[in-house]
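need coordinates for the following:
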Amino acid sequence: MGIGRGEFLRLMGLALAGLSVDPLNAVAINDDTYINKKLGILFNKPKGWGFIAVKEFGRLKSEQIIGEGLDETTDEIWQELGDPICVATKYYQEKPEYKGIFSPTITLNITPKSELGELGNKSLEEIIDMSHYGVSRILKDFRLTKSYTPGYISNCKFYEFDAEYMFEHVEIDNPLKVELKALKAEHNGYYYDFNCHQSKSQSQWADNEFNEFKKTIKLI
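Next comes the predicted model:
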């Protein structure tokens, strides 16, 4: 259902106040606020975190070691997963002291239902189950730890899950346990998939940041 076009435009105007924005650009970022006018979504990243350019994400994902449980190559798996349209992370600057440190991160993937072919006819619950199964074959020791009662964000029904997996990276000597909070919704012909990653094993907690971020999500 969303918050309505008028309210979305009002919030967008407040977020972009004083910023010169090309009206032809679908995406605008002002300090902590991300706005995608085409998809009708607005949210704030946690204070002190940074947005990462999608092209930079290509380098970052090449450094993460993932499984090949679906009998596909790593490139094929990443292609299947798709690049996020937005990435916000705590340690966004390239500094020597951050090497080997897991950076709490929020990613947003959006998939048009039209791209799924016959799968687009399935219910969101079925799509979510398929997604969990696929991810469990890719991320090492992936398992769901909690499923929440569906709630609403911007009058849209969201499904929330907690999970954990072992994160493997070229800069980390041993696999690292990572906690994941996923928020999933179907809205206006798109599947929205927010993924919030943190590692309590390295004391890289971000529960408060994730909770505050969740409150800022607005869908038209």
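
surely Ala28 meets Gly13?
No: between Ala28 and Gly13 there is no contact under C-beta atoms under 8 Å: 11.2 Å. (Each C-beta comes from the backbone N, C-alpha and C, glycine too.)

neighbour count: the two, which is higher?
Ala28 (18 against 9; other C-beta atoms under 10 Å).

so which elements touch the helix or strand that one falls within?
In this structure, Ala28 sits in strand 27-30 according to DSSP states H and E. In this structure, strand 27-30 packs against strand 33-36, with contacts taken as 3 or more C-beta pairs under 8 Å, 6 or more residues apart in numbering; DSSP states H and E.

give me the residues contacting whatever helix or strand comes next after the strand it packs on.
Sequence order places strand 41-44 as the next helix or strand after strand 33-36, per DSSP H and E. Surrounding strand 41-44, the residues in contact under the criterion C-beta atoms under 8 Å, 6 or more residues apart in numbering are 8, 11-12, 15, 32-36, 108, 110, 192, 213, 216-220.

could you point out which element follows strand 41-44?
Immediately after strand 41-44, counting by DSSP H and E, sits strand 50-52.

flag every buried residue along that next one.
The neighbour-count check on strand 50-52 (16 or more other C-beta atoms under 10 Å) flags 51-52 as buried.

do stretch 7-14 as well
Under the neighbour-count criterion of 16+ other C-beta under 10 Å, stretch 7-14 has 8, 11-12 buried.
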